[in-house]
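Engineer: Predicted model follows, preceded by the sequence.
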2 protein chains.
Amino acid sequence: MVKIAVDMMGGDEAPDIVIEAVKNAVNDFPDLEILLFGDEKKYNFEHERITFTHTDEKITMDDEPVRAIKRKKNSSMVLMAQAVKEGKAEGCVSAGNTGALMSSGLFIVGRIKGIERPALVATFPTVTGKGFVFLDIGANSDAKPEHLVQYAKMGEIYAKQVRSIDNPSLALLNIGTEESKGNQQTKKTYQLLKQESFDNFIGNVESKSLLLDACDVVVADGYSGNMVLKTIEGTASAIFKMMKEAMFSSTKNKLAALTLKKDINKIRDKMDYAEYGGSVLLGLNGVVVKAHGSSNERAFYNAIRQAKLAADTKIVDKMRKAVGDVIE
Amino acid sequence: MVKIAVDMMGGDEAPDIVIEAVKNAVNDFPDLEILLFGDEKKYNFEHERITFTHTDEKITMDDEPVRAIKRKKNSSMVLMAQAVKEGKAEGCVSAGNTGALMSSGLFIVGRIKGIERPALVATFPTVTGKGFVFLDIGANSDAKPEHLVQYAKMGEIYAKQVRSIDNPSLALLNIGTEESKGNQQTKKTYQLLKQESFDNFIGNVESKSLLLDACDVVVADGYSGNMVLKTIEGTASAIFKMMKEAMFSSTKNKLAALTLKKDINKIRDKMDYAEYGGSVLLGLNGVVVKAHGSSNERAFYNAIRQAKLAADTKIVDKMRKAVGDVIE
């Protein structure tokens, strides 16, 4: 049995989509137990594998992260993180305030000994559907080269354990493929990565090759990673917007579009990283999954599934062994 | 009459596409004179407004930039830059080695007094077709906040003069819109930009909004700018690749695709920034335009057109007045 704590009150569409996602998840996974934290007035469902805890305190999107988790001790997010801290759950999921969730991870769940900075990791779509593991996509905006080496180690383990990839190829996000390319940070990081013993470090990768299955794990500082994530998102959305306009521009086009609709939607779904679950905050003493703030039921369900998979594969223990011990 | 120097030997498809582009440009613009530098064995065309200078020395893509321009004194690129330095041409265009062209700009054409670092600027496509001015897209990977303020000044002037935009809205590329978002560099740059008197500084812009006509001028350090440029390029190319596969996946789809082909190609062309000309290296004592290495005839033609426009609008004089003087 895997126990996952869930924040019912976080995200734009909470609590409705959270409740739906939780219902579907317990139905689909007979070995999943959910600890749900939220307002009882919004919740009227019972299931033998859902333990409900009432609270009407809530962290909002406008709350200042660190202050929020210190003052709102009874908020659904803090209670959820405490369940992980106290060992009542192996992982947790929230679509709420990203900064507050990261602070909950850092200050309540706690870091693995030896990890200086946790990193946000997500699996990103590629043309073939294989995907790649991408970190840090936004936990730390001012990372040092040494932090990126820790991310690389965590990313490699994540690809092996959670995504079952043997000898995952690992690359450093950069603006050129040659060793000498980039800014001071990527140049120094490259040299540090070369000295470590990764399964398959293949050097630099350019952002234009990411979606073309260039490699299995991509390491970046949180600023660049988040920038690339938002650029992919924005470019895809702009193209599909123009495509939609073109398809409605004439009766002839509308008919043709009807034939292609299913296949084009498939491509759009492939580009939609909500399909791949949330982002996992790696480097903590428990699984902490951030679902997108605008998650729908499907995205939140995938985030729960991802938390379960990370717990099933004992990712935290493996990180602790492989990264924590080496660095200490 | 506007005189533009052209490097006939730079780029993947040189000299053929360069010659074609030059022919079309002199035919289309009766007030354009071209100074062409290249191998006479490859050139057999005469025009009263083309002055040809023979050289068989060439800077290749593998040449180390600074060494190349110091040693290959008779290369087509160096001769082209010298024509600008000596006042024989007001601007120049090359599709050759980017680093070498930037070094030619810095060390041969020379910087405007007061500009510490030149910046590469390009006009980028947006959904409405309006576009935005984006700099620095790769001249300096390790820029300081003070450099970004200079870029902002140059970008504003460029938008006004070359793109004829009144009161251009100006934004700082960042991973969030709030003032407090970003890394140390963007936070400090934000504060510096606030203190200057721009026509319309609107704060931060996220990369996901760029193609949705968020603003007229976007300022970034060269590392982030180049990263975003390559991410847009890569995402668009991945989506069109999947789209093409879907359209050839069945006879039914092929027929429907035939109807939509023209409109989809239009979108693809809109996303192709080659259509918008090359990148201009701003902050120099002359117009230096970098055409994409894989330019076709159309892209190179647009790069020449852009150099002519920059020369026509006296952009260098205006930069010198507005930026050089203020900073000195």
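Structural biologist: Now that the structure is in, tell me what you want to look at.
Engineer: Need the contact partners of stretch A:35-46.
Structural biologist: Here stretch A:35-46 makes contact (CB atoms under 8 Å, 6 or more residues apart in numbering or on different chains) with A:3-9, A:15, A:18-19, A:22-23, A:50-56, A:58, A:76-77, A:79-80, A:83, A:88-89. The way it works is simple: take the backbone N, C-alpha and C, and place the C-beta from them, glycine included.
Engineer: Okay, helices next: where are they in the stretch 101-250 of chain A?
Structural biologist: A:145-161, A:184-195, A:222-247 (DSSP state H, counting those that start in this stretch).
Engineer: May I see the buried residues of the last one?
Structural biologist: The reference is to helix A:222-247. By neighbour count on 16 or more other CB atoms under 10 Å in any protein chain shown, the buried set for helix A:222-247 is A:222-240, A:242-243, A:246-247.
Engineer: how distant is the helix or strand following it from the center of its chain?
Structural biologist: Sequence-wise, the next helix or strand downstream of helix A:222-247 (DSSP states H and E) is helix A:251-271. Remark: helix A:251-271 is offset 29 Å from the chain centroid, using CA atoms, centre = their mean, to the nearest Å.
Engineer: now the angle between helix B:222-247 and helix A:251-271, please.
Structural biologist: With axes from the mean of the first three to the mean of the last three CA atoms, to 10 degrees defining the directions, helix A:251-271 sits at 120 degrees from helix B:222-247.
Engineer: So helix A:251-271, near chain B or not?
Structural biologist: Yes. If you take CB under 8 Å from any CB of the partner chain as the test, helix A:251-271 does meet chain B, through A:252-253, A:255-260, A:263-264, A:266-267, A:270-271.
Engineer: Out of the contacts of stretch A:35-46, which sit inside helices?
Structural biologist: Within the contacts of stretch A:35-46, membership in helices is found for A:18-19, A:22-23, A:76-77, A:79-80, A:83, as judged by DSSP state H.
Engineer: which one among those residues gets closest to chain B?
Structural biologist: Distance to chain B across the ones in helices among the contacts of stretch A:35-46 (CB to the nearest CB) is lowest for A:M77, with 20.0 Å.
Engineer: still on that earlier bit, of all the helices of the stretch 101-250 of chain A, which one is nearest chain B?
Structural biologist: That would be, of those and by CB to the nearest CB, helix A:222-247, which comes in at 3.2 Å.
Engineer: and the residue lying closest to A:E179 once chain neighbours are set aside, what does it touch?
Structural biologist: Computed as CB to CB, 6 or more residues apart in numbering or on different chains, the closest residue to A:E179 that is not its neighbour in sequence is A:Y190, at 5.9 Å. By CB under 8 Å, 6+ apart, the residues touching A:Y190 are A:172, A:174, A:179, A:182, A:203-204.
Engineer: A:R71: which of the helices of the stretch 101-250 of chain A is closest?
Structural biologist: For A:R71, the closest of the helices of the stretch 101-250 of chain A is helix A:222-247, at 25.8 Å, according to CB to CB.
Engineer: how much does the strand or helix carrying A:K308 deviate in direction from helix A:251-271?
Structural biologist: Here A:K308 sits within helix A:297-312, counting by DSSP H and E. In terms of direction (the same axes, to 10 degrees), helix A:297-312 departs from helix A:251-271 by 20 degrees.
Engineer: just to revisit the earlier point, the contacts of stretch A:35-46, buried ones only, as a PyMOL selection?
Structural biologist: Command for PyMOL that selects the buried part of those, burial taken from 16+ other CB under 10 Å:
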select buried, chain A and resi 3+4+5+6+7+8+9+15+18+19+22+23+50+51+52+55+58+76+77+79+80+83+89
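Engineer: pLDDT averaged over stretch A:236-245 - what is it?
Structural biologist: Stretch A:236-245 shows a mean pLDDT of 91.
Engineer: wait, I meant stretch A:9-18
Structural biologist: Rounded mean pLDDT across stretch A:9-18 is 92.
Engineer: cool, stretch A:308-324 as well?
Structural biologist: pLDDT averaged over stretch A:308-324 gives 89.
Engineer: just to revisit the earlier point, include distance to chain B when you put the ones in helices among the contacts of stretch A:35-46 into a markdown table, please.
Structural biologist: Shown next, in a markdown table, are the ones in helices among the contacts of stretch A:35-46 (distance: CB to the nearest CB, whole Å):
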| residue | distance to chain B |
| --- | --- |
| A:V18 | 25 |
| A:I19 | 29 |
| A:V22 | 29 |
| A:K23 | 32 |
| A:S76 | 24 |
| A:M77 | 20 |
| A:L79 | 27 |
| A:M80 | 24 |
| A:A83 | 30 |
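Engineer: now, among the residues you listed, which is nearest to A:H292?
Structural biologist: Of all the ones in helices among the contacts of stretch A:35-46, A:V18 has the smallest distance to A:H292: 12.6 Å, by CB to CB.
Engineer: Tell me the residue of the stretch 1-150 of chain A that sits nearest chain B?
Structural biologist: Closest point on the stretch 1-150 of chain A to chain B, by CB to the nearest CB, is A:S141, at 4.0 Å.
Engineer: Tell me who's in contact with that residue.
Structural biologist: A:S141 neighbours (CB under 8 Å, 6+ apart): A:221-223, A:226, B:175, B:182-184.
Engineer: Which pLDDT does the model give the nearest residue to it once chain neighbours are set aside?
Structural biologist: Leaving aside its chain neighbours, A:S141 sits nearest to B:N183 (4.0 Å; criterion: CB to CB, 6+ apart). Looking at B:N183, its pLDDT reads 95.
Engineer: residues in contact with B:N183?
Structural biologist: A:141-142, A:223 are the contacts of B:N183 under CB under 8 Å, 6+ apart.
Engineer: returning to that earlier point: could you report the distance from the residue of the stretch 1-150 of chain A closest to chain B to B:K181?
Structural biologist: Distance from A:S141 to B:K181, counting by CB to CB, to the nearest Å: 8 Å.
Engineer: overlap in contacts of the two?
Structural biologist: Listed as contacting both A:S141 and B:K181 by CB under 8 Å, 6+ apart are B:I175.
Engineer: CA atoms only for stretch A:48-68 - export them in PDB, please.
Structural biologist: What follows is stretch A:48-68, C-alpha atoms only, in PDB (Å, rounded to 0.1, in the frame of the first residue of the first chain):
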ATOM      1  CA  GLU A  48     -12.200   3.200   2.600                       C
ATOM      2  CA  ARG A  49      -8.900   4.200   1.200                       C
ATOM      3  CA  ILE A  50      -9.400   8.000   1.600                       C
ATOM      4  CA  THR A  51      -8.700   9.500   5.000                       C
ATOM      5  CA  PHE A  52     -10.200  13.000   5.200                       C
ATOM      6  CA  THR A  53      -8.900  15.700   7.500                       C
ATOM      7  CA  HIS A  54     -10.800  19.000   7.800                       C
ATOM      8  CA  THR A  55      -9.200  22.400   7.700                       C
ATOM      9  CA  ASP A  56     -10.600  25.700   6.500                       C
ATOM     10  CA  GLU A  57      -7.200  27.500   6.400                       C
ATOM     11  CA  LYS A  58      -5.800  27.900   3.000                       C
ATOM     12  CA  ILE A  59      -2.600  29.300   1.400                       C
ATOM     13  CA  THR A  60      -3.500  31.500  -1.500                       C
ATOM     14  CA  MET A  61      -1.600  32.400  -4.700                       C
ATOM     15  CA  ASP A  62      -0.800  35.800  -3.300                       C
ATOM     16  CA  ASP A  63       0.600  34.700   0.000                       C
ATOM     17  CA  GLU A  64       4.300  35.300   0.500                       C
ATOM     18  CA  PRO A  65       5.700  31.700   0.600                       C
ATOM     19  CA  VAL A  66       7.900  31.500   3.700                       C
ATOM     20  CA  ARG A  67       5.600  33.600   5.800                       C
ATOM     21  CA  ALA A  68       2.600  31.700   4.700                       C
END
